[in-house]
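Visitor: model this:
(chains A, B, C and D)
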2 protein chains.
Amino acid sequence: MQARLTASRVRIVAAALAILAEHGYAGCSVAAVAERAGVATGSVYRHFPAKADLFAEVFRAASQREVDAVARAAAREATAAAKIRAVVETFSGRALQSPRLAYALLAEPVDPAVEAQRLIFRRAHATLIAGYVSAGVSAGELLPQDPELTSTAVVGALAEALVGPLAAGVAGPDTIPNLTVLIHRALGVTP
Amino acid sequence: MQARLTASRVRIVAAALAILAEHGYAGCSVAAVAERAGVATGSVYRHFPAKADLFAEVFRAASQREVDAVARAAAREATAAAKIRAVVETFSGRALQSPRLAYALLAEPVDPAVEAQRLIFRRAHATLIAGYVSAGVSAGELLPQDPELTSTAVVGALAEALVGPLAAGVAGPDTIPNLTVLIHRALGVTP
DNA sequence: ACAAGAAATGAATCGTGGTTCAATTCTTGT
DNA sequence: ACAAGAATTGAACCACGATTCATTTCTTGT
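Guide: I've put the predicted structure just below:
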């Protein structure tokens, strides 16, 4: 009962994420999500008051997954410079691995209500990075700076540098290393 | 006649830009644009085959204005570092001056066809910046780097750092100077 | 001044896709 | 096994705003 209820909610979110990763937000009609989840269109509304609420949940879950992956990679490293390298490589690598999903999460036009979730996605990454920057500055590994502004700019730079390749389908092999160098310089990694 | 024809086309584009700057893309129904331009709804379609074509034109014109302003400011400066400073200050200053328009041009959800124009807007800025970076590298004023990647990242960083403040309505007074320092470091301005 | 054709009008049409809900199927306690 | 009530169904509904087009108004050449 309750288990079945929960299960179909989970299936609906998973189906929405799958379609998002395959066809982008544009392919995510409620009917398509319901069909993929194996439920009727109307049943979606037993779990979510509106489409925007469903996709807020989907974006939240997907964002969490991305942030977790980045945080896990950074946690393995000791220095601020290495943590930042891990962030850049993990974020970019994952984006290039699932380009359609990355584009949807980062840049594709969505309803305003879902757009709000996207800002949260970006902010979550920025907050994570701000922590590393802040620690690095305190430890004297990075030049003094406003960690909030720096981390926001880094997220913007990563997203922008990847959206082109994501749309075009390819990225030069040097893109990620070059981004790492650029961002290390921006943070003032002391040699 | 022909003059009147041209005049009303210009009025329609101007009306669309004005509404975009006041209420964002969300406020830009064809009916609203037509009313503001002082023509009937249907008359818009004498000048543009579809709404997307009208807004492609509007975004193109607005982008050109922004790029021109930035280019003009940079042209007054001699060194790469000063040109980049001018770019950051002009771009940011203008965005904070017209926040609604900046948000619409940079980040607001729009139809896919208009989204394409937005990429062109960002690319135009990036190309401009890439020129300064390239010249700076050749002159030994900046460290060696891929100007294309750097300029893309700079545009992303600027946009991201400004979208938050644009949405919130305020930016700290240090935002622009701090951005300038950050970006100078990223480019490796030699002291 | 007039007719022929171009331009402008704006109310009606149309397509899309989110949302609803009366009918049906399943679950559970006795 | 049965009835009461919850869950599910999916076709119909509806809102919205872009687009169309029959009608009216203007322009121009004779």
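
Visitor: C-alpha from now on. contacts and neighbour counts both.
Guide: Will do.

Visitor: Walk me through the domains of chain A.
Guide: A:1-48, A:52-187 (automatic domain parsing).

Visitor: tell me the most buried of the ones you listed?
Guide: Burial of those is given as mean neighbour count (mean count of other Cα atoms under 10 Å in any protein chain shown); domain A:52-187 ranks first at a mean of 19.

Visitor: Phi, psi for the spatially closest residue to A:Thr152 that is not a sequence neighbour please.
Guide: Residue nearest to A:Thr152 in three dimensions, not counting chain neighbours: A:Ala126, with 5.3 Å by Cα to Cα, 6 or more residues apart in numbering or on different chains. A:Ala126 has phi and psi values of phi -60, psi -40 when expressed as degrees, to the nearest 10.

Visitor: A:Ala126 and A:Gly156 touch, don't they?
Guide: No. Look at A:Ala126 against A:Gly156 with Cα atoms under 8 Å: they stay out of range, at 9.3 Å.

Visitor: Helix or strand: which one has A:Phe59?
Guide: helix A:51-75 (DSSP states H and E).

Visitor: can you tell if that helix touches DNA strand C?
Guide: Yes. Legend: contact between helix A:51-75 and DNA strand C by Cα under 7 Å from any atom of the strand is shown at A:Lys51, A:Ala52.

Visitor: Contact distance from DNA strand D - what residues of chain A qualify?
Guide: So far as Cα under 7 Å from any atom of the strand goes, chain A lies against DNA strand D at A:Met1, A:Arg4, A:Leu5, A:Ser8, A:Gly38, A:Val39, A:Ala40, A:Thr41, A:Gly42, A:Ser43, A:Arg46.

Visitor: same thing but 6 Å
Guide: A:Leu5, A:Val39, A:Ala40, A:Thr41, A:Gly42, A:Ser43 (Cα under 6 Å from any atom of the strand).

Visitor: Return the residues in contact with the third one.
Guide: I take that to be A:Ala40. By Cα atoms under 8 Å, 6 or more residues apart in numbering or on different chains, the residues touching A:Ala40 are A:Ala31, A:Ala34.

Visitor: So what does it have for phi and psi?
Guide: phi -80, psi 160.

Visitor: Quick check: it vs A:Gly24, distance?
Guide: Using Cα to Cα, to the nearest Å, we find A:Ala40 at a distance of 21 Å from A:Gly24.

Visitor: Break down chain A into its helices, ranges please.
Guide: A:2-23, A:30-37, A:44-47, A:51-75, A:80-97, A:99-106, A:112-138, A:147-168, A:175-187 (DSSP state H).

Visitor: Tell me how far the first one lies from the chain's centre.
Guide: Looking back up the chat, that one is helix A:2-23. 19 Å (Cα atoms, centre = their mean, to the nearest Å).

Visitor: now check that helix, is it near DNA strand C?
Guide: No. Figure legend: helix A:2-23 not in contact with DNA strand C (Cα under 6 Å from any atom of the strand); closest approach 7.4 Å.

Visitor: OK, now which residue of chain A is nearest to DNA strand D?
Guide: A:Gly42 (3.1 Å; Cα to the nearest atom of the strand).

Visitor: Quick check: residues of chain A near DNA strand C?
Guide: So chain A meets DNA strand C at A:Met1, A:Ser29, A:Val30, A:Ala31, A:Thr41, A:Gly42, A:Tyr45, A:Ala50, A:Lys51 (Cα under 6 Å from any atom of the strand).

Visitor: ok, stretch A:8-24 near chain B or not?
Guide: No. On the criterion Cα under 8 Å from any Cα of the partner chain, stretch A:8-24 is out of touch with chain B, staying 12.0 Å away.

Visitor: Return the backbone torsion pair for A:Gln145.
Guide: Torsion angles, degrees, to the nearest 10, at A:Gln145: phi -170, psi 170.

Visitor: Show the pLDDT at it.
Guide: The per-residue pLDDT reported for A:Gln145 equals 98.

Visitor: Show the contacting residues for it.
Guide: By Cα under 8 Å, 6+ apart, the neighbours of A:Gln145 are A:Val137, B:Asn178.

Visitor: any idea how far it lies from A:Leu187?
Guide: On the measure of Cα to Cα, A:Gln145 and A:Leu187 end up 8 Å apart.

Visitor: do the same with A:Gly164
Guide: As judged by Cα to Cα, A:Gly164 and A:Leu187 stand 24 Å apart.

Visitor: Also A:Leu179?
Guide: 12 Å.
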